[in-house]
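1. Give me a 3D structure for the following:
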Amino acid sequence: MVTGGYRDLFVTIATSAATLIGLLFVALSVSERRAGNRPRVVRQFRAAAAFLAFINALSVTLFGLVPGTNVGYPALFLGITGLTFTAAGVRRTLALTVRRQVLTRVPFLVVLLLVVFGSEFAFGVVLLNNPHDSSALSNVGDILIVSLLIGIARAWELVSEWNTGLWSSLGALLGPPPGTDKEGADVAGEQSTPGVPDTAPGDEQ
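-> Predicted structure coming up:
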């Protein structure tokens, strides 16, 4: 059982994770209507990764608040679960006929999940051997915070047309403005014709 400042931290993480899980279901309902041409497996993987990230933070913190429970046990179990999920996601992706398109969208997420859950597994083992290791417990707390951020980022990708990632932002900053040709004019198909409505009949929702 965690005590002192770590207890307050775990309570905060557990509360945040529980709230975000509820918001994730709202994001999933919206993403189904805005899927566009995104590969279905990519949306499924992102949604599952967000859910697992929130469940990871919620489960470890709740068990960590139970009197007499060594945080190493839930950290170890969730670490194994996360690594297994990531491996299964990669295997399923490699089995797809559109894997080239999919593999360009998920490698960073895969690496991030492997680092997070691998580290959680390692520090879980440390805590099992030494439950009073404050350094390992602090690292687990950091990992759980990162897990929440991963879930938030993946949930945002499900509902947003604007990617807030660092590389996407740098690409948008340094590259040509999207939706324009070399002369800065609107790309064909995006121009509005005078007197013609922008939406076709039946497009209103």
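2. Quick check: buried residues in the helix or strand containing residue 52?
-> Using DSSP states H and E, the element containing residue 52 is helix 40-65. Buried residues in helix 40-65, defined by neighbour count with 16 or more other C-beta atoms under 10 Å: 41-43, 45-47, 49-65. Glycine gets a C-beta too; all of them are placed from N, C-alpha and C.
3. Who are the packing partners of that helix?
-> Other elements packing on helix 40-65 under the criterion 3 or more C-beta pairs under 8 Å, 6 or more residues apart in numbering; DSSP states H and E are helix 5-33, helix 72-94, helix 107-129, helix 134-159.
4. could those helices go into a markdown table alongside distance to residue 175?
-> Listed next are the helices and strands packed on helix 40-65 as a markdown table, based on distance: least, C-beta to C-beta, whole Å:
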| stretch | distance to residue 175 |
| --- | --- |
| helix 5-33 | 26 |
| helix 72-94 | 27 |
| helix 107-129 | 18 |
| helix 134-159 | 20 |
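5. just checking, which of these comes out with the lowest mean pLDDT?
-> Note on these: lowest mean pLDDT is at helix 5-33, with a mean of 86.
6. got the angle between it and helix 40-65?
-> Put simply, helix 5-33 runs at 160 degrees to helix 40-65, going by axes from the mean of the first three to the mean of the last three C-alpha atoms, to 10 degrees.
7. Compare the helices and strands packed on helix 40-65 and give me the one nearest residue 174.
-> helix 107-129 (18.6 Å; C-beta to C-beta).
8. can you put the helices and strands packed on helix 40-65 in TSV and add distance to residue 173 and mean neighbour count?
-> Output for the helices and strands packed on helix 40-65, formatted as TSV (distance: least, C-beta to C-beta, whole Å; neighbours: other C-beta atoms under 10 Å):
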stretch	distance to residue 173	mean neighbour count
helix 5-33	26	15
helix 72-94	30	18
helix 107-129	18	18
helix 134-159	19	20
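9. Is residue 113 in contact with residue 150, as I believe?
-> Yes: counting by C-beta atoms under 8 Å, residue 113 does reach residue 150; the two are 7.4 Å apart.
10. so what sits against both of those two?
-> Taking C-beta atoms under 8 Å, 6 or more residues apart in numbering as the contact rule, residue 113 and residue 150 both touch residue 49.
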